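Participant: sequence and predicted structure are below.
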Amino acid sequence: MSFVRTYTKPRVFAAAVLGSLVVGALLGVVARQTGAGWLTDLLDQIGTIFTTLLQIAVIPLVFTAIVVGINSLRGLGGGRTAARLGGKTVLWFAITSFIASLIGIAIGRIFDPGAGGLGGVTATAKNADRAAASVDHWGSWSAFVKGLLPENFVKAFSDGETLQVLFLALIIGAAAYSLGDRAKPFVDFTTSVFEIIQRYLGWIVRLAPIGIVGLIGAAVSNYGDALFRPLFSTTLAVYVGCLLVLFVVYPILLQFVAKVSPLKFFAKAGTAIQFAFASQSSAATLPLTRQSAVNLGVQPAYAAFATPLGSATKMDGCAAVFPAIAAIFVANLAGVSLNFWQYAGIVVVAVVGALATAGTTGWLTAFTLTTSFIGLDAKQVALGLALIYSVNPIMDMMRTATNVAGQIVVPTIVARSEGLLDDDVLNAPTDRPLHTDDGSAARPTAPAPA
């Protein structure tokens, strides 16, 4: 077990993830240059298996984590305390989304993606079909509201509707909280299921370097230069916007609002952010996100509530920076100059429409809601979306990393304001295993008194 203990230390795991990114890219280049179809297929299968293993747990993880998180607030006080914590959390979600959307608009104006045409780049027929279907399915607020309410409990789970499952979890979690001891058997059962899913994901996380080799290798082999050259300004703008949020906005909030050193934050949250970058899934990163918040001193009961809620709704990369830049891209394709009120609409969607980004289609929902809300032509939206599909794997890495960082920053800020941040734990050593040898989440402890 000594290897497992060493391998799951953040520094060792981070090195393994970075190494797998390089190995995957090199294998992708080899497969593309040599025309080795078998290698491309192998890499694709490895990536697909890893992604499937992660996605298996997403729906039950979101449901159980929200229910357990809501009921864990009981240990922090009464219903008013829980409501205040929930309100503050959502408020800070909105504040950071507001800032991120403004940054997205500013970067979009500077880079002006799509201006002057696309230099011969066209959407593939497959992507065009996907885009048209996506605009029809996600491109209106009525579709969002309809998609929020499940037809029945079982169908929401069987269809993998993350937003509907989130809605059910919030209602059922609140009902269980209100029933108190009468709901204890249900809460205990849900907690056990949550712990089982945590154990399962702990095992899958250890396979991340292998899965990342497949994901990156297949992307490079299949797309090659198409990942970078076409739509380069759009991709670069998304990266610059997300990096500004990640390394400027969040550090300022941490330093001056949460009173937490940004260096210490990234030391303790870096593994979760890196895993999010590689896996492109906030939900799959949830166990690491939650543990990172706890390692930063956030009271575990509050972290158990805030991080699963954030994993489904707090997406500054996907729902704020990206749709702002993408909307400008589509407007440029259509030869339309956006006015002040349309820019204001982009901000409104980013702040109010956060719930619409739940699940694996978060970026897609945010994109179509934003562009339809500000009145862009549906055909141009479909064209822009079809083109974005070709570079989406690379964009999604940076977007998801930004999402997850925000999902840790906000609980840290709120915990500080509520006196729920333990400075002894915050200042404890950072080089701790992500999981114990039995697969359970490692719980940080304060250093022993001198």
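Facilitator: Yep, that arrived.
Participant: pLDDT at Tyr343, what is it?
Facilitator: Per-residue confidence for Tyr343 comes out at a pLDDT of 89.
Participant: correction: the previous question concerned Arg443.
Facilitator: pLDDT, Arg443: 43.
Participant: same thing with the one 4 residues further on?
Facilitator: Turning to Pro447, the model gives it a pLDDT of 35.
Participant: do the same with Ala415
Facilitator: 95.
Participant: ok, now Ala331?
Facilitator: For Ala331, the model assigns a pLDDT of 86.
Participant: give me the number of residues near it?
Facilitator: Ala331: 24 surrounding residues under other Cβ atoms under 10 Å. In this view, the C-beta of every residue, glycine as well, is placed from N, C-alpha and C.
Participant: for the stretch 201-350 of the chain, which segments are assigned as helices?
Facilitator: Assigned by DSSP state H, counting those that start in this stretch, the stretch 201-350 of the chain shows helices spanning 208-223, 232-244, 250-253, 262-279, 286-295, 300-313, 316, 322-334, 340-352.
Participant: what's the fourth one packed up against?
Facilitator: This points to helix 262-279. helix 10-34, helix 208-223, helix 250-253, helix 286-295, helix 392-417 (3 or more Cβ pairs under 8 Å, 6 or more residues apart in numbering; DSSP states H and E).
Participant: what helices and strands are in contact with the second one?
Facilitator: So the one you mean is helix 208-223. Applying 3+ Cβ pairs under 8 Å, 6+ apart, one finds that helix 208-223 makes contact with helix 10-34, helix 37-55, helix 262-279, helix 392-417.
Participant: JSON lines for those helices, including distance to Ser337 and mean neighbour count?
Facilitator: Output for the helices and strands packed on helix 208-223, formatted as JSON lines (distance: least, Cβ to Cβ, whole Å; neighbours: other Cβ atoms under 10 Å):
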{"stretch": "helix 10-34", "distance to Ser337": "39", "mean neighbour count": "17"}
{"stretch": "helix 37-55", "distance to Ser337": "40", "mean neighbour count": "16"}
{"stretch": "helix 262-279", "distance to Ser337": "35", "mean neighbour count": "22"}
{"stretch": "helix 392-417", "distance to Ser337": "24", "mean neighbour count": "26"}
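Participant: burial of Ile110, as a residue count?
Facilitator: 12.
Participant: how far does the helix or strand hosting it sit from the chain's center?
Facilitator: In the assignment (DSSP states H and E), Ile110 maps to helix 79-111. Centre-to-centre, helix 79-111 and its host chain are 15 Å apart (Cα atoms, centre = their mean, to the nearest Å).
Participant: next one: stretch 303-314
Facilitator: Centre-to-centre, stretch 303-314 and its host chain are 10 Å apart (Cα atoms, centre = their mean).
Participant: please apply the same query to stretch 278-295.
Facilitator: With Cα atoms, centre = their mean, you get 9 Å for stretch 278-295.
Participant: quick one: average pLDDT of it?
Facilitator: Throughout stretch 278-295, pLDDT has a mean value of 86.
Participant: now do stretch 309-318
Facilitator: In this model, stretch 309-318 has a mean pLDDT of 83.
Participant: now do stretch 394-406
Facilitator: 92.
Participant: what does that stretch rub up against?
Facilitator: For stretch 394-406, the surrounding residues in contact (Cβ atoms under 8 Å, 6 or more residues apart in numbering) are 96, 100, 219, 227-228, 234-235, 238-239, 242-243, 245-246, 250, 269, 272-274, 276-282, 285, 289, 310-311, 314-318, 321-322, 362-363, 388.
Participant: so which residue is dead centre in the chain?
Facilitator: The residue lying closest to the centre of the chain (Cα atoms, centre = their mean) is Ser282, at 3.2 Å.
Participant: I figured that one hits Thr313, correct?
Facilitator: No: applying Cβ atoms under 8 Å, one finds Ser282 not in contact with Thr313, separated by 9.6 Å.
Participant: which of the residues in the helix holding Ile110 are classified as buried?
Facilitator: Across helix 79-111, burial judged by 16 or more other Cβ atoms under 10 Å covers 82, 85-86, 88-90, 92-93, 96-105, 107-108, 111.
Participant: now for that helix, which elements pack on it?
Facilitator: Packing contacts for helix 79-111, counted by 3+ Cβ pairs under 8 Å, 6+ apart, involve helix 162-179, helix 232-244, helix 300-313, helix 316, helix 322-334, helix 340-352, helix 392-417.
Participant: returning to that earlier point: and the helices and strands packed on helix 208-223 as TSV, adding distance to Asp377?
Facilitator: Below are the helices and strands packed on helix 208-223 laid out as TSV (distance: least, Cβ to Cβ, whole Å):
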stretch	distance to Asp377
helix 10-34	36
helix 37-55	34
helix 262-279	34
helix 392-417	21
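Participant: just how off-centre is the strand or helix carrying Asn71 within its chain?
Facilitator: Assessed by DSSP H and E, Asn71 sits inside helix 58-72. Centroid displacement of helix 58-72 relative to its chain, using Cα atoms, centre = their mean, is 16 Å.
Participant: for that helix, C-alpha coordinates in PDB please.
Facilitator: Presented in PDB, the C-alpha positions along helix 58-72 are these (Å, rounded to 0.1, in the frame of the first residue of the first chain):
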ATOM      1  CA  VAL A  58     -22.300  11.600 -12.000                       C
ATOM      2  CA  ILE A  59     -26.100  11.300 -11.600                       C
ATOM      3  CA  PRO A  60     -26.200   9.400  -8.300                       C
ATOM      4  CA  LEU A  61     -23.300  11.500  -7.000                       C
ATOM      5  CA  VAL A  62     -25.200  14.800  -7.700                       C
ATOM      6  CA  PHE A  63     -28.300  13.500  -6.000                       C
ATOM      7  CA  THR A  64     -26.800  12.000  -2.900                       C
ATOM      8  CA  ALA A  65     -24.200  14.800  -2.400                       C
ATOM      9  CA  ILE A  66     -26.900  17.500  -2.500                       C
ATOM     10  CA  VAL A  67     -29.300  15.600  -0.100                       C
ATOM     11  CA  VAL A  68     -26.400  14.800   2.300                       C
ATOM     12  CA  GLY A  69     -25.000  18.300   2.000                       C
ATOM     13  CA  ILE A  70     -28.300  20.000   2.900                       C
ATOM     14  CA  ASN A  71     -28.800  17.700   5.900                       C
ATOM     15  CA  SER A  72     -25.200  18.200   7.000                       C
END
